[in-house]
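Chemist: Give me coordinates for this.
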Amino acid sequence: MKVLKTYPEKCIACHSCESACSNLYFKEDNAAKSCILISEGTPPGMNVCNQCQTCVAACPTQALTVNSQGVVMLNKSLCIGCLMCVAVCPTDSMRTVQGMHSPFKCIACGVCTKNCPTDAIKIVTE
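Modeler: Reported below is the predicted structural model:
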């Protein structure tokens, strides 16, 4: 399974991962629209989807599926916006923002890893 592995002890809370993510998927620098969330602290908190698949079982329309690499993917054309996936996510990694019909989550694309100056986040296969 392909997942993002976080190393909070290396994180300097520069938020470059959040910027890279939101810019790639939403074309704006907005932490609320990032699939990874960094919170201030020592060490900083790093919240990203661990691909546990709890959301897949909760989806009434089968809009959430698991690809061959073990990554949970959302088919927006099947999503009815019920947000059951957001409600059951044990890590609060299934995200939504006001004004958007469909939720969003990390798909382990790796754009955040390329922008992290301290290697605090990496893609690994488990």
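Chemist: from here on, contacts and neighbour counts on C-alpha atoms
Modeler: Noted.
Chemist: Pick out the residue nearest the middle of the protein.
Modeler: Nearest residue to the geometric centre of the chain (CA atoms, centre = their mean): residue 106, 2.6 Å.
Chemist: Helices along this structure, start to end?
Modeler: 16-26, 54-58, 84-88, 111-115 (DSSP state H).
Chemist: Next up, the contacts around the residue nearest to the centre of the chain.
Modeler: Residue 106 makes contact with 35-36, 48-49, 93-94, according to CA atoms under 8 Å, 6 or more residues apart in numbering.
Chemist: switch the cut-off to 7 Å
Modeler: Shown in contact with residue 106 (CA atoms under 7 Å, 6 or more residues apart in numbering): 35-36, 48-49.
Chemist: what does residue 89 give?
Modeler: So residue 89 contacts 54-55 (CA under 7 Å, 6+ apart).
Chemist: And for the one 4 residues further on?
Modeler: In this structure, residue 93 makes contact with 47-49, 105, judged by CA under 7 Å, 6+ apart.
Chemist: Apply 6 Å and report the result again.
Modeler: When contacts are counted by CA atoms under 6 Å, 6 or more residues apart in numbering, residue 93 is found next to 48-49.
Chemist: lowest-confidence helix or strand of the chain?
Modeler: Every helix and strand of the chain was ranked by mean pLDDT, DSSP states H and E. The lowest is strand 2-6, at a mean of 88.
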